[in-house]
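Trainee: Below: sequence and its predicted model.
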Amino acid sequence: QVQLVESGGGLVQAGGSLRLSCAASGRTLTSYTMGWFRQAPGKERELVAAINWSSDARYYAASVKSRFTISRDNAKNTGYLQMNNLKPEDGAVYYCAVDSSRFAGGKADYWGQGTQVTVSS
């Protein structure tokens, strides 16, 4: 079992920055990929960034590339999503997740509880 606890969401003005954290416990993540999903009201959940815990390979959705950075701290078993130049359309509930199959089919082995990000224009 892996427990994921997100933090760092909040309200920010357009153009501002936030950093989300996802602390994992229960086991190390060397066999997993960690990802950040988001879901806005009335929209489908989408994967915005992912990082392979062992290889450090990273993925970004086109909508966030060059603005968001995903990273990890092995010693703390914690992942991060640095979000810069935020736009109102980035507002959503952000979920941390880990999966052993790189989120095939949009599924994950474990999910965090979600953290709200609101971007005012």
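Mentor: Looks like it came in fine. Numbers count the residues shown, from 1 in each chain.

Trainee: Can you give me the distance of Thr118 to Ser31?
Mentor: Between Thr118 and Ser31 the computed distance is 34 Å (Cβ to Cβ, to the nearest Å). For every residue, glycine as well, the C-beta is placed using N, CA and C.

Trainee: How about Val64?
Mentor: Distance from Val64 to Ser31, counting by Cβ to Cβ: 26 Å.

Trainee: Let's check: the centremost residue of the chain is which one?
Mentor: With distances taken as Cα atoms, centre = their mean, the residue of the chain nearest its centroid is Trp36 (2.2 Å).

Trainee: what helix or strand is that one on?
Mentor: strand 33-39 (DSSP states H and E).

Trainee: which residues sit against that strand?
Mentor: Here strand 33-39 makes contact (Cβ atoms under 8 Å, 6 or more residues apart in numbering) with 20, 22, 24, 45-53, 59, 70, 72, 79, 81, 90, 92-100, 102-103, 108, 117.

Trainee: Which parts of the chain are strands?
Mentor: Along the chain, counting by DSSP state E, strands occupy 3-7, 10-13, 18-25, 33-39, 46-52, 58-60, 68-73, 78-83, 92-99, 110-111, 115-120.
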